[in-house]
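Peer 1: What follows is a predicted protein model with its sequence.
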Amino acid sequence: MQRRPRVLFVGRSAAHFSYYETVLAALLERGAEVELALDRGWSGKLETPIAHAPIAKFVELHPELKVGWLTRRADAWRNPIFALRELRAYRSYLARRETTDFYVRRWERYLPSKLAAFKQQPLKALLRTGLGEGALQLAEAATPCDSGIVAFIAARRPDVLIVSPMNARFSEETEYVKAARKLSVPTALLVLTWDNLSTKGLIQIMPDRVLAWNEQHRDDAVAIHGVPPERISIVGAPFFDKWFDRSAEIEGRETYCARAGLDPNAPFLLYLGSSRNIAEDETWFVREMQAALFARARPVQLLVRPHPANAGIYASMPDVCVWPKAGALPETAAALADMRAAFAHCVGAVGVNTSAMIDAVLADIPTFSVLLPRYAETQSEAVHFRHLRAAGALEIVPDLATFMTAVECLSAGQDARAQGRARFAENFARPHGLNKSAGVLAAEEALKLAQ
């Protein structure tokens, strides 16, 4: 009788679970023995990973999944090699042809204080050269694997190791790929988010396979991280599998509007709030938009869906309808159902610049962005914003007055970006077809490595 393949999946934070939930489900459905090991240090105050509600619900449905904390590197090499990896990531930003000052300055803030001298010339110029890269690669090669992590992997005898994201700051997952190579265990990197390869850290140790979402990911993996093209498999975006579940039940309009504080008999527009990095306080714009919507001959309500990391700015606005009050990521069944209902019952979505625009577009909602001089840099530099714009999936309007004209078109049933949204969904999230689950394709690619 053939032994079931063993999969060790190493992740960063319990909060990331929803990004690869469909991958884990597909692995288990295909008979794999799966263990999920997460980093306790990046998972907040959880006593166990099961204390995270989405994980608890998943284990309830899939009790065969093993879940626990990973072992961190704890030897004398930890601090120096982790610092040098951050320096190498900074070096990659300096060396990129299309790098903007926005991202270079951001990574300068991330550098450990002991390496602050590299922000200045001439060390900065030296770092940018091939000599700088070669020296950092030698430092990595000279650093041995952590014996505790080698023992952690060896005890589980996996047929394949999957890691995600691996290139975030101070990534423990890098240590696992390094140790797995020593043990001759095949490795796969599952790209976590839409911008992980372009605006985060560097892939420091080359995995055997990179499970990318789309062609843009593949191009970024090759150009920025030096991944050989033959090691890249395009599988789609597991995180967005949820928007292609056409069987999902939608909460009724009256029930949803009652919870959100809206009049169910009047149309409403959904405002998607931005993070502090993009728009620290956008309440002034929300007030202007709400006033303009109410001034129409046929008023339209405004419902603000705040970014969960920037919801506090609306606490002093009792006259604005905000739901959920604290914001929410669609990572639990209840939160996802709430977001589905918001998309299903709104006439359209609008914001400055937020990744929730991707959710709205993939849910096939007319989505707008108003260009504002105050946020010119953070709008123009965001990678997902450029992707949406290039695909014709996002309606870009130059000011509030032009947006109000667009609202008139929406009210008349005109939708100029429907084809752009469909094109974006296929190219960005499901390049193998809208009916092909990215989680399933990622799991199948990983199991090929296991064989």
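Peer 2: Now that the structure is in, tell me what you want to look at. Residues are numbered from 1 along each chain as shown.
Peer 1: Can you get me a residue count around residue 390?
Peer 2: 13 (other Cβ atoms under 10 Å). In short, each C-beta sits where N, CA and C put it, glycine included.
Peer 1: Pull up the gap between it and residue 424, please.
Peer 2: Per Cβ to Cβ, to the nearest Å, residue 390 is found 9 Å from residue 424.
Peer 1: Name the helix or strand for residue 36, please.
Peer 2: strand 33-38 (DSSP states H and E).
Peer 1: Strand partners (parallel or antiparallel) of that strand?
Peer 2: strand 6-11 (parallel), strand 66-69 (parallel) (DSSP bridges).
Peer 1: buried set for it?
Peer 2: For strand 33-38, the neighbour count (16 or more other Cβ atoms under 10 Å) marks 33-34, 36-38 as buried.
Peer 1: Between those residues, which sits nearest residue 122?
Peer 2: residue 38 (41.7 Å; Cβ to Cβ).
Peer 1: quick one: pLDDT of the closest one?
Peer 2: For residue 38, the pLDDT comes out at 98.
Peer 1: who's in contact with the strand holding residue 36?
Peer 2: 4-14, 24, 27-28, 49, 55, 64-70, 152, 156, 158 (Cβ atoms under 8 Å, 6 or more residues apart in numbering).
Peer 1: following that strand, which helix or strand comes up?
Peer 2: Next along from strand 33-38, by DSSP H and E: helix 53-61.
Peer 1: now the angle from that following helix to strand 33-38?
Peer 2: 160 degrees (axes from the mean of the first three to the mean of the last three Cα atoms, to 10 degrees).
Peer 1: Tell me which residues of helix 53-61 come out buried.
Peer 2: 54-55, 58-59.
Peer 1: Stretch 261-279 now?
Peer 2: Buried-residue list, stretch 261-279, by 16+ other Cβ under 10 Å: 262, 267-275, 278-279.
Peer 1: Now it - C-alpha only, PDB.
Peer 2: Output in PDB follows, covering the C-alpha atoms of stretch 261-279 (Å, rounded to 0.1, in the frame of the first residue of the first chain):
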ATOM      1  CA  GLY A 261     -27.700  51.200   9.600                       C
ATOM      2  CA  LEU A 262     -28.900  51.900   6.000                       C
ATOM      3  CA  ASP A 263     -32.300  52.500   4.500                       C
ATOM      4  CA  PRO A 264     -33.000  49.300   2.400                       C
ATOM      5  CA  ASN A 265     -35.300  51.300   0.000                       C
ATOM      6  CA  ALA A 266     -32.500  53.600  -1.100                       C
ATOM      7  CA  PRO A 267     -29.400  52.800  -3.100                       C
ATOM      8  CA  PHE A 268     -26.000  53.000  -1.400                       C
ATOM      9  CA  LEU A 269     -22.400  53.400  -2.500                       C
ATOM     10  CA  LEU A 270     -19.700  51.500  -0.700                       C
ATOM     11  CA  TYR A 271     -16.600  53.500   0.300                       C
ATOM     12  CA  LEU A 272     -13.500  51.300   0.800                       C
ATOM     13  CA  GLY A 273     -11.200  52.800   3.400                       C
ATOM     14  CA  SER A 274      -7.400  53.000   3.000                       C
ATOM     15  CA  SER A 275      -4.600  52.100   5.400                       C
ATOM     16  CA  ARG A 276      -2.600  54.800   7.200                       C
ATOM     17  CA  ASN A 277       0.300  54.300   4.800                       C
ATOM     18  CA  ILE A 278      -2.000  55.400   1.900                       C
ATOM     19  CA  ALA A 279      -4.300  58.000   3.400                       C
END
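Peer 1: what's the model's confidence in it, averaged?
Peer 2: 94.
Peer 1: mind starting the numbering at 186 from now?
Peer 2: Yep, numbering from 186; the last one is stretch 446-464 now.
Peer 1: Make a PyMOL selection of the buried ones in the contacts of strand 218-223.
Peer 2: Here is the PyMOL selection string for the buried members of the contacts of strand 218-223, based on 16+ other Cβ under 10 Å:
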select buried, resi 190+191+192+193+194+195+196+197+198+199+209+212+213+234+240+250+252+255+337+341+343
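Peer 1: The closest residue to residue 583 other than its chain neighbours: what's it in contact with?
Peer 2: Distance criterion Cβ to Cβ, 6 or more residues apart in numbering; nearest residue to residue 583, sequence neighbours excluded, is residue 556 at 5.3 Å. If a contact means Cβ under 8 Å, 6+ apart, then residue 556 has 564, 581-584 as its contacts.
Peer 1: Sort out for me which of these are in strands.
Peer 2: 581-582 (DSSP state E).
Peer 1: most surrounded residue in the contacts of residue 556?
Peer 2: residue 564 (22 neighbours).
Peer 1: count of neighbours near the closest residue to it other than its chain neighbours?
Peer 2: Setting aside the residues directly before and after it, residue 564 is nearest to residue 538 in space (Cβ to Cβ, 6+ apart), at 4.8 Å. Neighbours of residue 538 under the rule other Cβ under 10 Å: 27.
Peer 1: Could I get the pLDDT score of residue 538?
Peer 2: pLDDT, read off for residue 538, is 87.
Peer 1: Now do the same for residue 546: helix, strand or coil?
Peer 2: Under DSSP: H, G, I helix; E, B strand; the rest coil, the three-state class of residue 546 is helix.
Peer 1: what sits against it?
Peer 2: Counted by Cβ under 8 Å, 6+ apart, residue 546 has contacts 552, 573, 578-579, 606, 609-610.
Peer 1: okay, the angle between the helix or strand encompassing residue 522 and helix 238-246?
Peer 2: Assigned by DSSP H and E, residue 522 belongs to helix 518-530. With the same axes, to 10 degrees defining the directions, helix 518-530 sits at 110 degrees from helix 238-246.
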